[in-house]
Structure formats: C-alpha cells, structure tokens
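[1] here's a sequence, model it:
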Amino acid sequence: MRIEPLADHPHLIGEIAKLLHEEWGTFPPWASLPAVEARLTAGAQWHRAPFTTVALSAADELLGTASVKLFELPSHPDKSHWLGEVFIPKALRGRGVGSALINDCVRRSIDIGIHALYLYTPDQQKLYERFGWREVEQAMVDGETVSVMVRLAAPNAPGPQC
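    Sure, this is the predicted structure:
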C-alpha cells in the first residue's frame, strides 16, 4: 500500500466523490455529488490545505481516502484545519488503511506548518485518541452529538492555537 496525494491521481475524484456521497449522502456536506466533486477538485493540491490523500494498492486499486479541510464547522470559525472524509470501503476496513491515511495527513499537516488539526466524530473517539487526538468539546452537527477533537503538532504542547 502507498499513500499519495489526490493531486497525482485526479482521475479518482469521481470515484471518491461517489463513495463519500453513498456513505454519508444523508448529511448536508455530502448530499450533493457535484459539490463533493468540486470540494475534492479544490483539494487536489499538495503544498497547502485543503488537501486530500489516497491509499492505493500495488495494482493502483483505491483503498481509501482522507482529507485535511478548511473551516469544516461554521460554528467553529476559530478552528481552521480539520481532518475529515476518512473513508475506507467496508470490505477493506481493519487492514490498517485508515491508520496509514490518518498518520500521513498528520505528518503532511505538520510539514506545511499546521500546528493544530481538528476533527469531529460521533463514535470513533477511541480510534483517534490512539493517534494523539483529545476531545476539546461536544457539539451538535447535523442533528448528531459529536466530539470535537484536536491533535497538536507537538502532542504534549499546551492548548490549541490554530
């Protein structure tokens, strides 16, 4: 498995958008397939956020994707950089693909100067805690209670800044 920027594989944008739309299409950020495609197209860059990564097999099969997004939650304008759209097809889960994508997004975020990376999740808190995230608050997002979590560039650094 290798993790690469979506910018190097723009032909995957339609496939990824379809997968995200099928998985989460009942939620506003993924309800419109053209909007998901447009967001992925905007994230098909590598030198700054937003960016998207893809996990690929040796045969170039798409194994998963993850993104670093900007201002994910309008209710949190003080939090600029967010890990999101971590998606692995069900048949491929449990093989370390998600872990590899998360680690790569964190590393690349640090490399481009992002000091605090946020995410929100309704049910995967334990997973993200393993990668250095900690809960900073609970919030309502699209009618669902979620944990807002942060991962600082230096895991033991004092509170969030970015």
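
[2] where does this protein dip in pLDDT?
    154-162 (pLDDT under 70).

[3] in contact with the residue sitting nearest the centre point of it, which residues?
    Centroid-nearest residue in the chain: Gly84, 2.4 Å away (criterion: C-alpha atoms, centre = their mean). With contact set as C-beta atoms under 8 Å, 6 or more residues apart in numbering, Gly84 has these partners: Ala66, Ser67, Val68, Lys69, Glu72, Leu119. Just so you know, the C-beta spots here come from the backbone N, C-alpha and C atoms, and that holds for glycine as well.

[4] which helix or strand contains it?
    strand 81-87 (DSSP states H and E).

[5] can you name the next helix or strand after that strand?
    helix 97-111.

[6] check which residues of that next one are buried.
    For helix 97-111, burial by neighbour count (16 or more other C-beta atoms under 10 Å) applies to Val97, Gly98, Ala100, Leu101, Ile102, Asp104, Cys105, Val106, Arg108, Ser109.

[7] between that helix and strand 81-87, how many degrees?
    160 degrees (axes from the mean of the first three to the mean of the last three C-alpha atoms, to 10 degrees).

[8] what separates helix 97-111 from the chain centre, distance-wise?
    9 Å (C-alpha atoms, centre = their mean, to the nearest Å).
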